[in-house]
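Novice: give me the fold of what follows.
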Amino acid sequence: MREIKSINTGWAFHKGDTRHHKIPKKIKKDWETVNLPHTWNHMDGQDGGFDYFRSACWYFKELELAPAADEEIYLEIPAASLTAEVYINGEPACTHKGGFSVFRVNITPYINPKKATKIAICVDNSESKSVYPQTADFTFFGGLYRGVNLITVNKAHFDLEYAGGCGVAVTPKINENGSADIQIEAFVKNADGCRIQYRVDNTVADGTNAVLHIENPHLWNGTEDPYLYTLDAQIVKNNIVIDSVAVKFGIRSFHIDADKGFFLNGKSYPLHGVSRHQDRENMGWAITEKEHDEDMKLIAEVGANTIRLAHYQHSEYFYDLCDKYGMIVWAEIPFISAFMNTQEAKDNTLSQMKELVVQNYNHPSIICWGIANEITIGGEDPALIENLEALNDLCHSLDKTRPTTMAQLTMVEMENPLNRITDILSYNHYFGWYMGNVNDNGPWLDKFHALNPDICLGVSEYGCEGILKYHNDNPQMQDYSEEYQAFYHEKMLETFESRPYLWSTHVWNMFDFASDMRDEGGVKGRNNKGLVTFDRKTKKDSFYVYKAYWSDEKFVHLCGRRYANRPSDKTDIKIYSNCESITLYVNGKEIGKHNGNKIFIFKDVALADGENKIKAASGVLFDEMVINRVYEPDESYVLKANEAGNSGSNWFDTLELESEELQFPEGYFSIKDKIGEIMKVPEGEAFINGMIEKITAEMGMNISKGMMNMAKGFTVEKVFDMAGSRVPAKAKPWVNSELNKIKKK
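Specialist: Got it, this is the predicted structure:
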């Protein structure tokens with residue numbers, strides 16, 4: 001029978017550019033001892049500067065291995081970021097390109113039972129021209145961050161090398177009469193003369209392809225009842241079981257309607273949820289089951305019923321949690337942001353997609369395969385379209401039961417043919433943060449739906465930064481305050497509630513996460529759009545407005561507890577709750593009672609000098625906080641003009657403009673042209689580089705190489721629109737007039 005053993009302790013680790021070094025034959029004295037999971041970027045990948053260590057590093061371990069004559073031993077690596085080369089006793093055993101999927105290698109041929117087996121793994125997270133992701137708004141943590149296992153099996157076994165899968169594919173189908181047929185396909189090795197048999201409860205079948213019939217199936221019904229069956233698959237020889245696999249699966253049906261949204265098991269089931277990155281503060285990607293469990297409990301608490309697992313394949317353990325909790329999952333590969341037009345890069349997207357589908361085929365929680373995210377940032381290209389179509393076709397060839405999807409950038413036009421490559425579609429929209437107004441979201445969605453009434457449309461990303469230390473009574477776009485983030489999400493929930501045609505909505509993001517290229521809002525190395533902080537210790541106010549809309553768990557939450565010092569004798573008190581009425585008390589005295597729905601606001605509540613104890617209650621449920629009446633505004637609550645990532649530069653204001661009217665002379669550049677096109681002309685490249693120097697030096701914004709590559713696909717005008725109030729009013733006409741002086745080729 002197979003044996004799975006973790007070998008996570010006592011690895012020797014060498015940090016450095018080892019790609020051109022000799023394969024290690026023994027542990028060196030200066031090597032560090034580490035336990036897995038492990039990353040070398042858990043600190044420098046979150047501190048900003050876009051300078052975290054990206055290179056090839058060695059992991060080394062010696063083991064005493066002696067397989068029996070009828071056994072094979074496999075090395076299983078659940079993830080190695082971003083590429084890995086495995087050497088056994090100095091011999092190359094395998095190379096894997098892709099930092100998020102399981103891969104295995106049969107190491108039996110390399111083992112000498114009389115000597116210790118030396119395992120050396122070279123893991124490399126440096127920039128690549130052929131492996132995705134190339135660039136993106138998150139840190140690419142290097143390392144063996146999901147541990148390593150040894151699997152000992154009989155020579156006759158369920159295939160461990162077919163795209164990293166478990167060797168068994170289960171496809172439940174619900175019949176018209178309500179019964180279910182469970183179609184089973186097994187992938188086996190060296191199984192001549194063996195019998196393949198299956199059991200679900202008391203129902204049995206055999207053969208490499210078989211069907212099990214269940215007369216009255218218990219359906220997997222989302223968060224309401226996520227019932228799971230277990231398929232026991234066995235390889236039997238001479239009446240002895242020599243290998244077995246247990247596969248959890250769920251029986252469910254779903255469909256998506258362009259007008260009415262998502263349906264689960266024939267009933268309307270609106271999808272509202274969050275996106276998730278897998279990193280944790282001071283841990284990077286090297287997290288354990290404990291951290292996965294904590295994340296899922298928080299997602300369940302907020303009341304989500306769907307998760308977009310972005311932007312890569314997540315841990316098998318977390319997909320299992322999604323099955324167990326009844327979450328509807330969007331699973332995707334890291335074909336993101338920057339397209340690489342080479343055959344090797346295309347092959348990498350296809351191999352990562354195959355691994356994603358094959359390894360996660362049996363999860364009932366997964367209902368779609370995401371083939372790309374914002375991949376048109378660098379522009380559209382026939383080769384890009386061909387790559388997307390190839391991914392779409394591959395998904396359909398591997399899985400006949402699930403649709404494909406894609407997350408589009410806002411700038412992709414509504415009637416662009418790209419929107420018809422996948423079966424369903426979603427857009428990433430940040431109206432109200434990077435550009436426009438939060439109220440622009442609804443009209444955009446309605447216009448798209450009117451122009452494309454047959455396309456199933458969702459919102460794959462939306463959000464805004466909320467940094468706990470910033471507060472004010474008049475929250476504004478891009479002030480980074482907790483109050484604006486809460487206001488923004490209130491408006492987004494209103495937008496979605498009145499648009500049932502949306503097949504799903506996913507908040508960006510459930511948790512703050514590391515992005516070492518960022519330097520924004522006075523916080524380096526972090527994307528602060530989470531509803532929960534990076535360390536998972538604090539639920540922001542915006543968390544609770546979602547809980548009010550989505551959760552059945554009754555609660556009361558007072559907003560603004562971190563806005564403790566208020567420079568006024570009167571203040572508004574806001575409460576989020578899914579109760580029907582709220583009573584407010586100040587310093588033990590009842591102020592009033594409001595009946596309402598989700599958002600309760602008590603206007604102009606009088607404050608006494610000094611400390612004020614605030615209590616909001618509904619029956620036995622209550623929440624309390626303290627507000628201090630002060631006489632001077634607390635300056636720590638406001639983002640300073642000279643802090644990184646914020647506007648406040650005065651250099652535009654010193655410019656003399658002949659006219660603020662925008663001109664677009666034929667044959668010359670303007671803000672209507674893409675940055676990449678402007679930079680193809682020497683004068684244009686010099687101008688753009690000069691602008692970058694000024695922005696970097698005077699506006700406190702770090703323009704990384706990755707950000708620059710993404711920006712090349714935007715027009716200058718679009719960059720200004722996205723920047724919004726972060727640049728002065730004179731910027732657009734001045735830049736346009738300067739570009740008017742540069743002749744096109």
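Novice: only C-alpha atoms for contact and neighbour calcs from this point on.
Specialist: Will do.
Novice: quick check on residue 180: phi, psi?
Specialist: phi -140, psi 140 (degrees, to the nearest 10).
Novice: now do the contacts for it.
Specialist: 172, 173, 174, 213, 214, 215, 216, 217, 251 (C-alpha atoms under 8 Å, 6 or more residues apart in numbering).
Novice: what subset of these is buried?
Specialist: 172, 173, 174, 213, 214, 217, 251 (16 or more other C-alpha atoms under 10 Å).
Novice: can you lay out those residues as JSON lines showing secondary structure, distance to residue 575 and pLDDT?
Specialist: Listed next are those as JSON lines, based on DSSP: H, G, I helix; E, B strand; the rest coil; distance: C-alpha to C-alpha, whole Å; pLDDT from 0 to 100:
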{"residue": "172", "secondary structure": "strand", "distance to residue 575": "45", "pLDDT": "98"}
{"residue": "173", "secondary structure": "strand", "distance to residue 575": "46", "pLDDT": "98"}
{"residue": "174", "secondary structure": "strand", "distance to residue 575": "45", "pLDDT": "98"}
{"residue": "213", "secondary structure": "strand", "distance to residue 575": "52", "pLDDT": "97"}
{"residue": "214", "secondary structure": "strand", "distance to residue 575": "49", "pLDDT": "97"}
{"residue": "217", "secondary structure": "coil", "distance to residue 575": "43", "pLDDT": "98"}
{"residue": "251", "secondary structure": "coil", "distance to residue 575": "40", "pLDDT": "98"}
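Novice: assumed residue 8 was part of a strand.
Specialist: No - counting by DSSP: H, G, I helix; E, B strand; the rest coil, residue 8 is located in no strand; its state is coil.
Novice: not counting sequence-adjacent ones, nearest residue to it?
Specialist: Once flanking residues are discounted, residue 8 sits nearest to residue 36: 4.7 Å by C-alpha to C-alpha, 6 or more residues apart in numbering.
Novice: tell me who's in contact with the one you found.
Specialist: Contacts of residue 36 by C-alpha under 8 Å, 6+ apart are 8, 9, 11, 144, 145, 146, 147, 148, 286.
Novice: likewise for residue 246?
Specialist: 230, 231, 232, 233.
Novice: go on, residue 118?
Specialist: Contacts of residue 118 by C-alpha under 8 Å, 6+ apart are 25, 26, 60, 61, 62, 63, 88, 89, 90.
Novice: ok, of the residues you listed, which come out buried?
Specialist: 60, 61, 62, 88, 89, 90.
Novice: so the third one versus residue 111, what's the distance?
Specialist: This means residue 62. 11 Å (C-alpha to C-alpha, to the nearest Å).
Novice: overlap in contacts of those two?
Specialist: Joint contacts of residue 62 and residue 111 (C-alpha under 8 Å, 6+ apart) are residue 117.
Novice: rewinding a little: take the contacts of residue 118 and lay them out in JSON lines including distance to residue 154.
Specialist: Putting the contacts of residue 118 into JSON lines (distance: C-alpha to C-alpha, whole Å) gives the following:
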{"residue": "25", "distance to residue 154": "29"}
{"residue": "26", "distance to residue 154": "30"}
{"residue": "60", "distance to residue 154": "27"}
{"residue": "61", "distance to residue 154": "24"}
{"residue": "62", "distance to residue 154": "23"}
{"residue": "63", "distance to residue 154": "20"}
{"residue": "88", "distance to residue 154": "21"}
{"residue": "89", "distance to residue 154": "23"}
{"residue": "90", "distance to residue 154": "25"}
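Novice: which of those residues fall in helices?
Specialist: Among the contacts of residue 118, the subset assigned to helices under DSSP state H is empty.
Novice: state the pair within these that is farthest apart.
Specialist: 63 and 90 (14.0 Å; C-alpha to C-alpha).
Novice: next one: stretch 66-80 to chain centre, how far?
Specialist: The chain centroid and the centroid of stretch 66-80 are separated by 32 Å under C-alpha atoms, centre = their mean, to the nearest Å.
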